[in-house]
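Peer 1: 3D model of this:
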Amino acid sequence: MNLLNSIKTILFFMVAAVTSFTYAQNGGQPKLVVGVVVDQMRYEYLYRFQDNFTEDGFKRLMREGFNAKNTHYNYVPTATCLGHATIYTGTTPSNHGIVSNSWYSRDLKRKMYCVEDSTVFLINHSGMERSTANKHFSRSPKNIRTTTITDELKLFTNGRSKVIGLSIKDRSAISPAGHLADAAYWYNGKTGDFVTSSYYLEELPDWLKVFNASKKADSLLDLSWKPLLPIGHYRNSTVDDDGFEKVFKGKEKSVFPYHLKELRESNGNYGLIAETPFGNTILTQLIKAAIQGEKLGQGLETDFLAVSYSSTDYVGHNFGIRSKEMEDTYVRMDREIGCLLKTLDQHVGKGNYILFLTADHGASDHPTFLKSKQIPGEFYSTKQLNKVLNDHLKAVLGDDDYVAFFDSTQIYFNETSVQKNRVIKEAVVFLNSVDGIKEVFAPSILDWNLGNSGMGEFIKNSFSPEESGDIIYHTYPGWMNERAFGTTHGTSYTSDTHVPLLWYGWGIPNGESVKQTRITQIAPTLSFLLNIPLPNSSDGQAIEELFSR
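Peer 2: The predicted structure follows:
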């Protein structure tokens with residue numbers, strides 16, 4: 001009996017030692033963190049379209065995870081590149097430096113793309129492409145001034161964690177992956193392949209070469225885009241073809257079905273896939289290939305997979321937030337999330353990963369739709385506004401070329417303009433008299449002059465002296481830069497700032513909260529869940545409800 005007890009005691013301590021060793025090796029951490037961004041997803045889509053959702057996608061995340069129901073962006077403009085940068089840096093554009101998808105470079109005297117990098121080259125199926133004709137594809141995260149949560153994970157594990165970014169859009173793969181990523185991969189609309197840049201690699205990995213060789217884009221472009229469910233099930237969208245939707249070349253009306261095989265030649269060829277839900281399908285297929293090919297979640301350290309579904313944004317811009325096409329896209333998006341969760345369960349194990357799902361911005365109603373419902377809505381034209389502003393400045397200050405760059409939220413003036421401060425002040429007075437413009441700010445010369453509006457916080461959070469415009473202006477609700485169809489985004493109004501934020505998996509309690517959450521709280525929350533340092537410019541404000549037990 002004593003011998004048996006001794007054996008039991010020895011076995012107990014052997015098991016305990018192995019368990020303790022395993023726990024120590026991964027620090028009691030999840031095997032994988034998966035960040036999912038659904039481009040242009042309004043929070044309300046979780047509920048407006050839920051009647052046609054399965055139990056395995058969005059509903060599973062809400063049923064078993066945590067729903068931060070009142071999550072908002074707190075800067076302008078609300079757009080893709082800075083949205084992704086903000087999610088992963090845990091700070092605002094004023095610190096991370098990505099003030100828009102593109103901005104005017106005063107040094108280069110031209111428009112600059114957020115992830116452009118002239119020192120690197122495209123890496124495609126044939127290797128490094130050094131042709132200057134492909135400089136458009138030179139991409140890296142070098143313009144992000146701060147660390148990301150993915151950088152901090154890499155630093156904490158001394159490079160042992162794997163970090164991969166995947167998206168249709170280059171900026172949506174690169175910004176989340178950070179400076180130290182193993183790689184970021186995005187879709188090349190000219191070839192139908194996924195590519196990267198020499199910032200990360202000199203050659204595509206074997207698993208991606210196999211994926212590209214399978215020509216999945218061709219297979220998907222042989223399909224027709226028609227409603228996944230009988231059209232009568234789509235009760236939460238307007239009529240098919242409401243008069244302000246994009247009409248693809250080769251079609252007479254914006255109605256189902258879309259025979260992609262017939263349309264691709266005159267609508268961007270391989271690029272067409274991004275404008276359909278099948279752009280999300282090919283990304284889900286890539287995610288599965290990456291998890292298997294990179295063996296994510298199979299090592300001793302926590303890995304990080306950052307993915308961004310872009311086709312929801314393209315469909316929104318083309319067809320609008322209340323279209324049949326948008327409802328069908330989210331019915332299909334729900335199935336993509338279900339497929340992603342199934343893949344993670346199979347290859348990483350349920351309970352072994354953290355997943356969060358959010359969006360980089362929301363979207364607004366088309367003004368024509370608003371007016372048809374007796375709701376205020378109007379258009380303005382940045383092109384026309386640029387002209388009348390320049391003409392006014394010439395009339396008042398003398399003949400000169402004053403405006404260097406003009407977009408839907410910011411204005412840059414030429415550095416050569418005489419008395420630039422006087423130019424800015426005169427422009428502020430003029431713009432304040434323009435119909436549709438609610439507020440005008442000149443942060444660089446007017447001591448912020450932010451008044452008493454809530455917009456003041458948004459401007460402070462957005463302004464980076466080197467990258468931002470000399471003037472930042474803000475329109476009334478319902479006003480949109482002139483466009484014939486679909487929708488856009490970029491304002492500080494809740495239509496553009498309110499996004500979903502769902503947490504699921506390892507260490508995540510079940511529940512929900514209506515307490516206002518800032519998008520900048522995602523990265524600090526991950527830092528505390530993983531017990532790793534905060535990104536270096538984050539304010540450290542985590543979502544406290546996730547730590548209540």
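Peer 1: can you give me the strands for the stretch 201-350 of the chain?
Peer 2: Assigned strands in the stretch 201-350 of the chain, in chain order: 224-225, 258-259, 303-309 (criterion: DSSP state E, counting those that start in this stretch).
Peer 1: List the buried residues for the last one?
Peer 2: Right, strand 303-309. For strand 303-309, the buried set under the neighbour-count rule, 16 or more other Cβ atoms under 10 Å, comprises 303-309. The C-beta positions use only the backbone N, C-alpha and C, and glycine is treated the same way.
Peer 1: Switch the residues you listed over to CSV; also include distance to L108 and pLDDT.
Peer 2: CSV is the format used below for the buried residues of strand 303-309 (distance: Cβ to Cβ, whole Å; pLDDT from 0 to 100):
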residue, distance to L108, pLDDT
D303, 37, 99
F304, 33, 99
L305, 34, 99
A306, 29, 99
V307, 32, 99
S308, 27, 99
Y309, 32, 99
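Peer 1: In a markdown table: these, plus distance to G436.
Peer 2: Conversion of the buried residues of strand 303-309 to a markdown table gives the following (distance: Cβ to Cβ, whole Å):
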| residue | distance to G436 |
| --- | --- |
| D303 | 48 |
| F304 | 43 |
| L305 | 42 |
| A306 | 37 |
| V307 | 37 |
| S308 | 32 |
| Y309 | 33 |
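Peer 1: picking that back up, can you redo the strands of the stretch 201-350 of the chain as JSON lines with distance to A290?
Peer 2: Listed next are the strands of the stretch 201-350 of the chain as JSON lines, based on distance: least, Cβ to Cβ, whole Å:
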{"stretch": "strand 224-225", "distance to A290": "25"}
{"stretch": "strand 258-259", "distance to A290": "29"}
{"stretch": "strand 303-309", "distance to A290": "7"}
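Peer 1: Find the residue closest to the residue nearest the centre of the chain in space, skipping its chain neighbours.
Peer 2: Using Cα atoms, centre = their mean, the residue of the chain that lies closest to the mean C-alpha position is D360, 3.9 Å off. In space, not counting the residues next to it along the chain, D360 is nearest to G83; the distance is 2.9 Å by Cβ to Cβ, 6 or more residues apart in numbering.
Peer 1: number of nearby residues for that neighbour?
Peer 2: Residue crowding around G83 was assessed by other Cβ atoms under 10 Å; the count is 30.
Peer 1: mind saving the C-alpha coords of the helix or strand harbouring it as PDB?
Peer 2: With secondary structure defined by DSSP states H and E, G83 is part of helix 80-89. Output for helix 80-89, consisting of C-alpha atoms alone and laid out as PDB, is shown next (Å, rounded to 0.1, in the frame of the first residue of the first chain):
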ATOM      1  CA  THR A  80      -9.400  52.800 -43.800                       C
ATOM      2  CA  CYS A  81      -5.600  53.400 -43.400                       C
ATOM      3  CA  LEU A  82      -5.900  55.400 -40.200                       C
ATOM      4  CA  GLY A  83      -8.600  53.200 -38.900                       C
ATOM      5  CA  HIS A  84      -6.400  50.100 -39.100                       C
ATOM      6  CA  ALA A  85      -3.400  52.100 -37.700                       C
ATOM      7  CA  THR A  86      -5.500  53.300 -34.700                       C
ATOM      8  CA  ILE A  87      -6.800  49.900 -33.900                       C
ATOM      9  CA  TYR A  88      -3.400  48.400 -33.700                       C
ATOM     10  CA  THR A  89      -1.400  51.300 -32.200                       C
END
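Peer 1: what about that helix, average pLDDT?
Peer 2: In this model, helix 80-89 has an average pLDDT of 99.
Peer 1: Strand 303-309 and that one, what's the angle between them?
Peer 2: Using axes from the mean of the first three to the mean of the last three Cα atoms, to 10 degrees, one finds that helix 80-89 and strand 303-309 are set 160 degrees apart in direction.
Peer 1: Pop the domain breakdown of the chain in here.
Peer 2: The chain breaks down by automatic domain parsing into domains covering 29-366+491-547, 378-481.
Peer 1: Point out the most buried one among these.
Peer 2: Of the domains of the chain, the one with the most neighbours on average (mean count of other Cβ atoms under 10 Å) is domain 29-366+491-547, at a mean of 21.
Peer 1: wait, which of the domains of the chain is closest to S372?
Peer 2: When those are compared for distance to S372 using Cβ to Cβ, the nearest one is domain 29-366+491-547, at 8.7 Å.
Peer 1: Go through the strands of the stretch 201-350 of the chain and name the closest to L61.
Peer 2: strand 303-309 (14.2 Å).
Peer 1: and the closest one, what does it pack onto?
Peer 2: With contacts defined as 3 or more Cβ pairs under 8 Å, 6 or more residues apart in numbering; DSSP states H and E, the packing partners of strand 303-309 are strand 32-38, helix 149-156, strand 163-167, helix 170-177, helix 278-293, helix 324-347.
Peer 1: Make JSON lines out of those and add distance to G377 and mean pLDDT.
Peer 2: Output for the helices and strands packed on strand 303-309, formatted as JSON lines (distance: least, Cβ to Cβ, whole Å; pLDDT from 0 to 100):
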{"stretch": "strand 32-38", "distance to G377": "25", "mean pLDDT": "99"}
{"stretch": "helix 149-156", "distance to G377": "38", "mean pLDDT": "99"}
{"stretch": "strand 163-167", "distance to G377": "31", "mean pLDDT": "99"}
{"stretch": "helix 170-177", "distance to G377": "29", "mean pLDDT": "99"}
{"stretch": "helix 278-293", "distance to G377": "29", "mean pLDDT": "99"}
{"stretch": "helix 324-347", "distance to G377": "18", "mean pLDDT": "99"}
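Peer 1: Would you reformat those as CSV and include distance to Q50?
Peer 2: Shown next, in CSV, are the helices and strands packed on strand 303-309 (distance: least, Cβ to Cβ, whole Å):
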stretch, distance to Q50
strand 32-38, 15
helix 149-156, 30
strand 163-167, 25
helix 170-177, 25
helix 278-293, 18
helix 324-347, 9
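Peer 1: circling back to that earlier point, how close does the residue nearest to D360 sit to I519?
Peer 2: 8 Å (Cβ to Cβ, to the nearest Å).
Peer 1: Overlap of the contact sets of the two?
Peer 2: Between them, G83 and I519 share the neighbouring residues Y73, with contact defined by Cβ atoms under 8 Å, 6 or more residues apart in numbering.
Peer 1: thinking again about what came up before, show me what contacts the residue nearest to the centre of the chain?
Peer 2: When contacts are counted by Cβ under 8 Å, 6+ apart, D360 touches 37, 39-40, 78-80, 83-84, 87, 172, 308, 499.
Peer 1: And it, which helix or strand is it part of?
Peer 2: Taking DSSP H and E as the criterion, no element holds D360; it sits outside all helices and strands.
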